[in-house]
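Student: what shape does this take:
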Amino acid sequence: MRSPRYTILVANRSTGAVRRLTLARRTVAMTVVGFALMPLLVGLGVSNADPVELQTLQLTNESLRIENESYRAATGELADQISSLQSAITQLSNQGDLDPAAKNALAKLPAVIRSRAAGGAGLGSAPSVAAATAASPETTFGALKSLLGALESRLESVQSRVSGQQALARATPSIWPVVGWFSSTFGSRKDPFTGGPDFHSGLDIAADKGTKIVATADGTVESAGVNGNYGNSILINHRYGIATRFGHLSRLAVRPGQTVKRGEVIGYVGATGRATSPHLHYEILLNGSPINPLRLLAKP
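Tutor: Residues are numbered from 1 along each chain as shown. Take a look at the predicted model:
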């Protein structure tokens, strides 16, 4: 006996055309049963999978999860270290700022002396975390490590530069050695004893006898005692080729080899040696040659 058939009509609303699709009942039944059994068949396939293979997949997935977490943790730690280094570099640079008097004095030193305390290479532009993390995940970790190393080198360079600059600033005479008034300037003048031409290697600052005299920069006392026409005299070595000399003192307050700081009392105004009245003879020497102290002194 012939199997019953089903006819499906499909009409096109736009054209009005009608299409007929005739299917045997057995075909329709098999199709419905196939769709109904598909989830069951899939489940049976999974249940029949190799247990060893499933365990391997699970272990691989767990390993990838742990590796991903470790990668994120390590990357975050590197990023934190990079941020800390960048902050340290900024703080160091700010610490390198000098007071106006010291900055003015440093700027007037010869380049050959400034170079002795320069320290470190040029800083250039700072690398960024964004540049390192812009790469693919496979290279990001290595890029961050390279960036960290570059910042560590940069920090050492900044430390060296700031340390050298601050040391030179402490060694540069930039304050007045005594409170008083000019009685003779640097350079050509008439000799106060003979009236003939004379070269004056420093400044004469008149003040009452016994007025305190202070060191104008950090340094080490190279000599302290009687020195010919200078009378009671002090010579301080400030390193970097810088030295200061103080003459005609009535009394000394330091001894050879002693370390002194800027502003520390080293002696007292007098008129010893070749002097006509109480005053301080003050010299600044660069590489052994006198310069005009007014080049480095701030305005009183």
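Student: for the rest of this, base every contact and every neighbour count on C-alpha atoms.
Tutor: Noted.
Student: list the buried residues in stretch 281-300.
Tutor: With burial defined by 16 or more other CA atoms under 10 Å, the residues of stretch 281-300 counted as buried are 281-286, 290-294, 296-298.
Student: in a helix, that's where residue 102 is, yeah?
Tutor: Yes - according to DSSP: H, G, I helix; E, B strand; the rest coil, residue 102 belongs to a helix.
Student: and it, how many neighbours does it have?
Tutor: Under the neighbour criterion other CA atoms under 10 Å, residue 102 is assigned a count of 22.
Student: looks like it contacts residue 172 (just checking).
Tutor: Yes - under the criterion of CA atoms under 8 Å, residue 102 is in contact with residue 172, at a separation of 7.4 Å.
Student: now the buried residues of stretch 281-300 in a markdown table, with pLDDT and secondary structure?
Tutor: Converted to a markdown table, the buried residues of stretch 281-300 look like this (pLDDT from 0 to 100; DSSP: H, G, I helix; E, B strand; the rest coil):
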| residue | pLDDT | secondary structure |
| --- | --- | --- |
| 281 | 95 | strand |
| 282 | 96 | strand |
| 283 | 96 | strand |
| 284 | 95 | strand |
| 285 | 94 | strand |
| 286 | 92 | strand |
| 290 | 93 | strand |
| 291 | 92 | strand |
| 292 | 91 | coil |
| 293 | 91 | helix |
| 294 | 88 | helix |
| 296 | 84 | coil |
| 297 | 78 | coil |
| 298 | 61 | coil |
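Student: bridge partners for residue 204, pull those for me.
Tutor: Counting by DSSP bridges, residue 204 is bridged to residue 184, residue 281.
Student: can you count the residues close to it?
Tutor: 23.
Student: again with residue 270
Tutor: Applying other CA under 10 Å, we find 25 residues neighbouring residue 270.
Student: now, which of the buried residues of stretch 281-300 sits nearest residue 226?
Tutor: Of all the buried residues of stretch 281-300, residue 281 has the smallest distance to residue 226: 13.9 Å, by CA to CA.
Student: where's the closest one relative to residue 169, distance?
Tutor: Applying CA to CA, to the nearest Å, the value for residue 281 to residue 169 is 23 Å.
Student: and the residue nearest to residue 295 when sequence neighbours are not counted, how many residues sit next to it?
Tutor: Excluding the flanking residues, the one nearest residue 295 by CA to CA, 6 or more residues apart in numbering is residue 108, at 6.8 Å. When neighbours are defined as other CA under 10 Å, residue 108 has 11 of them.
Student: begin at 53 from now on, thanks
Tutor: All set: I'll call the first residue 53, so the last point we hit is now residue 160.
Student: look up how far residue 346 lies from residue 160.
Tutor: Distance from residue 160 to residue 346, by CA to CA: 10 Å.
Student: same question for residue 232.
Tutor: Using CA to CA, one obtains 15 Å as the distance from residue 232 to residue 346.
Student: enumerate every residue touching the spatially closest residue to residue 332 that is not a sequence neighbour.
Tutor: In space, residue 332 comes closest to residue 257 once its chain neighbours are excluded; the distance is 5.2 Å by CA to CA, 6+ apart. Under the criterion of CA atoms under 8 Å, 6 or more residues apart in numbering, the neighbours of residue 257 are 230, 232-236, 331-334.
Student: next, residue 218: secondary structure please.
Tutor: From three-state DSSP, the assignment for residue 218 is helix.
Student: tell me, how many residues neighbour it?
Tutor: Using other CA under 10 Å, residue 218 has 19 other residues around it.
Student: circling back to that earlier point, could I get the buried residues of stretch 333-352 as JSON lines with distance to residue 284?
Tutor: Listed next are the buried residues of stretch 333-352 as JSON lines, based on distance: CA to CA, whole Å:
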{"residue": "333", "distance to residue 284": "11"}
{"residue": "334", "distance to residue 284": "12"}
{"residue": "335", "distance to residue 284": "14"}
{"residue": "336", "distance to residue 284": "17"}
{"residue": "337", "distance to residue 284": "18"}
{"residue": "338", "distance to residue 284": "22"}
{"residue": "342", "distance to residue 284": "19"}
{"residue": "343", "distance to residue 284": "21"}
{"residue": "344", "distance to residue 284": "22"}
{"residue": "345", "distance to residue 284": "20"}
{"residue": "346", "distance to residue 284": "23"}
{"residue": "348", "distance to residue 284": "24"}
{"residue": "349", "distance to residue 284": "23"}
{"residue": "350", "distance to residue 284": "26"}
